[in-house]
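Q: okay, predicted coordinates and the sequence, questions at the end:
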Amino acid sequence: MIEEVVMRQDIPLDDFLPIFISSAMVMVFGGFYVGIYTAVKVKLLKKWTMPIAYVFWMLTAYCLYLMGSLMMVGEFTAKALVVAAIGLFLLPHAVYFMQHQVHEENEH
Amino acid sequence: MAKTSVWSDNRFWQRSAAWITGFSAVLLIWLTFDTAGQISMGTDADLQNGVTKRVPGPTVINYKISYEMSTARGHEVPVIGEKEKFFGRDDWSEEEAGALLHLGKLGSQVKNCMNCHTLLGNGAYYAPDLTKAWLDPAWQNDGTMQAMTGKDTKEEAMAEFLQHPSTYPTHARMMPDLGITAEEAKGIVAFLKHMSSIDTNGFPRNFGKIKGAVHGK
Amino acid sequence: MASNHLTGIGSESKQLATWYFTFAAIIFGAQLLFGLVAAIQYVMPGFLFELLDFSVARMLHINALVVWMVFAMFGSVYWLLPDETGIETIGIKVGKLLYWVFVAAIVVVILVYLFIQVGPADETSIWFIHEGREYIEAPRWADIGIVVVALGFVANLFLTGTTGNRSGIVTVLMADMIAFAGLYLAGMFFTDNISVDQYWWWWVIHLWVEATWEVFVGAIAAYGLITMIGAHRKVVEMWLWIEVAMLFGSGILGIGHHYFWIGTPEYWWEIGALFSALEPLPLVAMFIHVLYDWGKTQGGQDATGVEVSVINNKPAFTWFVLNAFGNFLGAGIWGFFHTLPQVNLYTHGTQFTSAHGHLAFFGAYATILIGMMYIAVQGTNGIKVMKHTKSSLWAVSMIVGGVMGMTIALTVAGYVQVLVSRAQMGATWAGYFDGQSGMWFAQAMDWRLLMGAITFLGFLFLVKDLLSTGKNPVHER
């Protein structure tokens, strides 16, 4: 399970800034994705804005990819990052699904 | 309430939370047992027989320590070499070395090293990291710190500095006088030498690569 | 279940809560003052040299942080217990006695830190001066005292919870607080092996800050949503359990990201990387949850045709929303970008950690605890709808602006350190000082000091507002 190549190569100096920015953007875009999704569902935003939420998720996934490749992560960490990306994708759906169900049961 | 879905059932989630928490905790405890075995301190016999421990025994102070690239692991690891005198002796017994390390570790806590320096990278960021301070080019025979104290060996130079830090202003940010006695200084230097022999998975990376003084010789 | 959270007057538990909040606010002030001293020392290294050195100022800074948060957490629990259980807290007399024991111990510890500072390298110093282990420096005698006080507190909580109505929130708090108190024991022993030392030290620090404290925040947020906007209890409590599962599920093994470089085996790289990647998810979830419940209840209100805000405590709700956002920002973003081992190798032990620490402690904990103080002010003064005042708005904007400013300045400083001291110079003494003397680093420290001062001014507004707003006629009674 130990990653053979985990730290074998140094990160080039010029790559540090893109790494920090892309990993911050992962969370920023991820925040926009879940924020817009939730806002549409509770009718704070119009329905047509929903595709924008998914665009933000794609940006998140891209930033994760960018960050991972610049960091030269091994296979295991790469898989962990994919799991995180999918988890983030499903999260607001799951939250909405469950919350909606409880509200339905309790208010009708 | 007849057709309550499992997804909106409080008790389902309560149980899930309990199971997940319990499972994680058990896993952590199991890993802790494994790690505890791997980071327990080695013995003098280990050192004599060349058994590599992540945290060697206190008598490691009788040996030369260097920090070298391991091709197998892809990063630097501490390497314990031939005998080396520490305060004029290379025959510190297990008890003596243990007592010295004990004093040094106590000193490192009581003198509050960690609230300016980092130890193994943890602590405050007001002063240099001490993880591999023993191997630092500045303290070697031709290093600036050793030259400043006028001592002939690394350990004496470090001990002298620790006792009278404000006499040797190295930077605008000076180390304060913490009332460290000669014996305590010896202990703290032993603690630093011991810490430099701990296998930290290659942290700090490229230590001393500019000066090149550390790799081996 | 509590009929109304405005029944603060007359409850002894709530009175004790206000004592806890008062002392917490005083220590919060001390935290900021000693932080300012340390920040000045970065800019003017001679400041108070050998009088109140950086090590002492910083020890007081971070210990005061822990202490005021623990006080405010205990206060929050004593505040919400009568509401949640429907009865007066059992053993409140003992609780009040323990409060004074706790306060006295803290005062003695602070005086010893200030005036004795260091002792000889022996066990006596560990017992009576301090233990020199970041965040949990408290001397051994105080450790034992803290455990006794914490056990008394947990006993009160358990007796009240099991006798009265044990709501979901109370159940979570009971489980969480016993873990919180028990974990402290992991940090109470001495060992010569620094790797073993730090291994257990992280059990206290990490399992507090990234597990039990986060769950505590989840429980408090649930209470706040119910009392402030009338969110549906069943929804909130179900969500709380999901949060507990997510927080403990990612947080407990997330401890791996502290075990990359302290002598522990390499397998912690994988464990740390995996669970660190998951750790932001519950923070995102908590964020959606607040937004969702707010949108839902406000939507329900708007549907009745009457345009009224559902929020009955504007300043507290502001701090709660800042909490959801700050948790995501400080613990999420600032945590995530240096958590993977590949990059942590370079960022570990730099100002990045400091930037993350400032924003995460503030965003995840300070905000919600300040919010609870506002809820207490509302309750003790019998206010129906509490509004913002000029001071409360100044406090929010200056504290938030100041902490954000400090965080950004420290992030810049950390970036300089990573490039100069770590990637190029390999973390030697020479490398360290090269990084520290860089122009960007020096300027970042100037900005940090300025932003720290702004934070402190904001704190003064906060104190003024907390003391005066209860009598302000703008609120609806």
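A: The structure has been received and is ready for your questions. Numbers count the residues shown, from 1 in each chain, chains lettered A, B, ... in the order given.
Q: reduced to three states, what does the residue nearest to B:Pro165 when sequence neighbours are not counted come out as?
A: Nearest non-adjacent residue to B:Pro165, counting by Cβ to Cβ, 6 or more residues apart in numbering or on different chains: B:Met175, 3.7 Å away. (Glycine included, C-beta is placed from N, CA and C.) Secondary structure, DSSP: H, G, I helix; E, B strand; the rest coil: B:Met175 is coil.
Q: for B:Met175, what are its contacts?
A: Going by Cβ atoms under 8 Å, 6 or more residues apart in numbering or on different chains, B:Met175 touches B:Cys116, B:Ala127, B:Phe161, B:Pro165, B:Ser166.
Q: and the second one, what does it touch?
A: Yep, that's B:Ala127 we're talking about. B:Ala127 sits next to B:Cys116, B:His117, B:Arg173, B:Met175, C:Tyr432 when contact means Cβ under 8 Å, 6+ apart.
Q: how near is the fourth one to C:Pro45?
A: To tie it back to what came earlier, the one meant is B:Met175. Applying Cβ to Cβ, to the nearest Å, the value for B:Met175 to C:Pro45 is 11 Å.
Q: what does the last one give?
A: Look at C:Tyr432 and C:Pro45: by Cβ to Cβ, they are 14 Å apart.
Q: the more surrounded of these two?
A: Neighbour count, other Cβ atoms under 10 Å in any protein chain shown: between C:Tyr432 and C:Pro45, C:Tyr432 has more, with 26 against 14.
Q: C:Gly161: which element?
A: In the assignment (DSSP states H and E), C:Gly161 maps to helix C:140-163.
Q: how far away is C:Leu60 from C:Leu114?
A: Counting by Cβ to Cβ, the gap from C:Leu60 to C:Leu114 is 7 Å.
Q: tell me which of those two has more neighbours.
A: In this view C:Leu60 and C:Leu114 are compared by other Cβ under 10 Å, and C:Leu60 has more residues nearby, 26 against 14.
Q: quick one: the more buried one and C:Gln117 touch, right?
A: No - judged on Cβ atoms under 8 Å, C:Leu60 makes no contact with C:Gln117 at a distance of 10.3 Å.
Q: for A:Lys46, see how far away the closest residue to A:Ala53 other than its chain neighbours is.
A: Nearest-residue entry for A:Ala53: A:Ile36, 3.9 Å, with adjacent residues in sequence omitted and distances by Cβ to Cβ, 6+ apart. Using Cβ to Cβ, A:Ile36 is found at 11 Å from A:Lys46.
Q: between these two, who's got more neighbours?
A: Each of A:Ile36 and A:Lys46 has its neighbours counted (other Cβ under 10 Å); A:Ile36 has more, 22 against 9.
Q: what residues does the stretch 351-477 of chain C have near chain A?
A: Within reach of chain A by Cβ under 8 Å from any Cβ of the partner chain, the stretch 351-477 of chain C has these residues: C:Tyr415, C:Val418, C:Leu419, C:Ala423, C:Gln424.
Q: just put these in a markdown table and tack on neighbour count, pLDDT and secondary structure.
A: Output for these, formatted as a markdown table (neighbours: other Cβ atoms under 10 Å in any protein chain shown; pLDDT from 0 to 100; DSSP: H, G, I helix; E, B strand; the rest coil):
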| residue | neighbour count | pLDDT | secondary structure |
| --- | --- | --- | --- |
| C:Tyr415 | 21 | 94 | helix |
| C:Val418 | 26 | 93 | helix |
| C:Leu419 | 19 | 91 | helix |
| C:Ala423 | 21 | 86 | helix |
| C:Gln424 | 15 | 85 | helix |
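Q: so the residue nearest to C:Val403 when sequence neighbours are not counted versus C:Trp294, what's the distance?
A: What sits nearest to C:Val403 in space, not counting adjacent residues and going by Cβ to Cβ, 6+ apart, is C:Phe362, at 4.7 Å. Per Cβ to Cβ, C:Phe362 is found 22 Å from C:Trp294.
Q: of these two, which one has the most company?
A: Between C:Phe362 and C:Trp294, counted using other Cβ under 10 Å, C:Phe362 has the larger neighbour count: 26 against 22.
Q: show the model's pLDDT score for that one.
A: If you check C:Phe362, the pLDDT there is 97.
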